[in-house]
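Novice: curious how this folds, go ahead:
(one chain, ligands or ions: 3)
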Amino acid sequence: MATSEFPTQKEGSEAFLQETTVVVFVLGGPGSGKGTQCPKIVEHFGFRHLCAGDLLQAEIDSGSENGTMIQNFKKEGKIVPSEITVKLLQQAMQQSDNKRFIIDGFPRNEENRAAFENIVRIKPEFVLFFDCPEEELTKRILNRKQGRVDDNIETIGKRLKVYFESTLPVINYYNSKGKVQKIDAQRSIEEVFEDVKSAFAKLKPVARVGINEIM
Ligand SMILES: Nc1ncnc2c1ncn2[C@@H]1O[C@H](COP(=O)(O)OP(=O)(O)OP(=O)(O)O)[C@@H](O)[C@H]1O
Ligand SMILES: Nc1ccn([C@H]2C[C@H](O)[C@@H](COP(=O)(O)O)O2)c(=O)n1
Ligand SMILES: [Mg+2]
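Specialist: Numbering: from 1, shown residues only. Ligands and ions are numbered 1, 2, ... in the order given. Predicted coordinates for the structure are as follows:
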């Protein structure tokens, strides 16, 4: 970024930020291991982890005017309107010194995808897709025990329906563009991360530069 304390006009411009920002979307069914693998990516590759679900939860916790609405969407396993989620992601990206992001749990539907492309105007370098069978997803969520309002059998059914009907088409869209790195997520956390590392090793060098880039 800037060599001096203040960015030059060029460095502060939207076009410069769009050219220099690296985005990787992390998708997969509920419980597929996105939130487990992302901190490992941060540690090894120096990316900033933005979890859409966590940003929305922070809105609920802060008592914001949208909090109750977001909480109801979450309980019902529904996707929150994109303008809210994209605004939260955009703010977090703008406030970050690190311009290389893994965005976890986004885009969850076609509306999310289009809103990000239209508002943030950055295309992902690639999409990491944790592929995991439905029975394993359900088992993992029921064992998670983190007190989430949506980790119960009724909401899990709704979340899986939304995943198959709305998120898989987004993954298929990116697959048709040759951007999906599919990972078999029904293995140990360590085995899954070996494949994650291979996916990131394919990034072009400028996007890969990280403080802890040790393979
Ligand atoms: N490879 C794995 N093998 C077994 N259990 C796993 C594996 N990866 C994650 N888990 C466990 O499964 C549960 C769900 O994982 P995690 O929270 O990372 O999923 P997620 O994709 O972020 O889900 P969500 O979309 O609901 O946020 C956690 O309890 C986690 O410890
Ligand atoms: N793009 C997104 C991401 C998340 N949400 C809401 C709905 C989810 O059930 C909840 C939790 O997300 P998770 O932690 O499971 O990734 O947050 C959304 O509406 N839109
Ligand atoms: Mg998660």
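
Novice: Q181 falls within a strand, correct?
Specialist: Yes - under DSSP: H, G, I helix; E, B strand; the rest coil, Q181 sits within a strand.

Novice: count the neighbours of the closest residue to it other than its chain neighbours for me.
Specialist: Among residues not flanking Q181 along the chain, A199 sits closest, at 4.0 Å (C-beta to C-beta, 6 or more residues apart in numbering). C-betas here are computed from N, CA, C, even on glycine. Applying other C-beta atoms under 10 Å, we find 18 residues neighbouring A199.

Novice: and whichever residue of the chain sits closest to ligand 2, what is it in contact with?
Specialist: At 2.4 Å from ligand 2, G53 is the closest residue in the chain, using C-beta to the nearest ligand atom. Going by C-beta atoms under 8 Å, 6 or more residues apart in numbering, G53 touches K74, D104, G105.

Novice: can you redo those as a markdown table with distance to ligand 1, pLDDT and secondary structure?
Specialist: Output for the contacts of G53, formatted as a markdown table (distance: C-beta to the nearest ligand atom, whole Å; pLDDT from 0 to 100; DSSP: H, G, I helix; E, B strand; the rest coil):
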| residue | distance to ligand 1 | pLDDT | secondary structure |
| --- | --- | --- | --- |
| K74 | 11 | 96 | helix |
| D104 | 7 | 98 | strand |
| G105 | 6 | 98 | coil |
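
Novice: can you narrow those down to the ones near ligand 2?
Specialist: Among these, proximity to ligand 2 is found for K74, G105 (C-beta under 6 Å from any ligand atom).

Novice: export the contacts of G53 to TSV and tack on neighbour count?
Specialist: Formatted as TSV, those follow (neighbours: other C-beta atoms under 10 Å):
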residue	neighbour count
K74	20
D104	23
G105	23
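
Novice: I'd like the contacts of G53 as TSV, with distance to D61 appended.
Specialist: Output for these, formatted as TSV (distance: C-beta to C-beta, whole Å):
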residue	distance to D61
K74	12
D104	18
G105	17
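
Novice: from the contacts of G53, pick the one nearest E154.
Specialist: For the contacts of G53, the minimum distance to E154 (C-beta to C-beta) is 13.1 Å, reached by K74.

Novice: can you tell me the element the residue nearest to that closest one when sequence neighbours are not counted falls in?
Specialist: Nearest non-adjacent residue to K74, counting by C-beta to C-beta, 6+ apart: D150, 5.4 Å away. If you go by DSSP states H and E, D150 is not part of any helix or strand.
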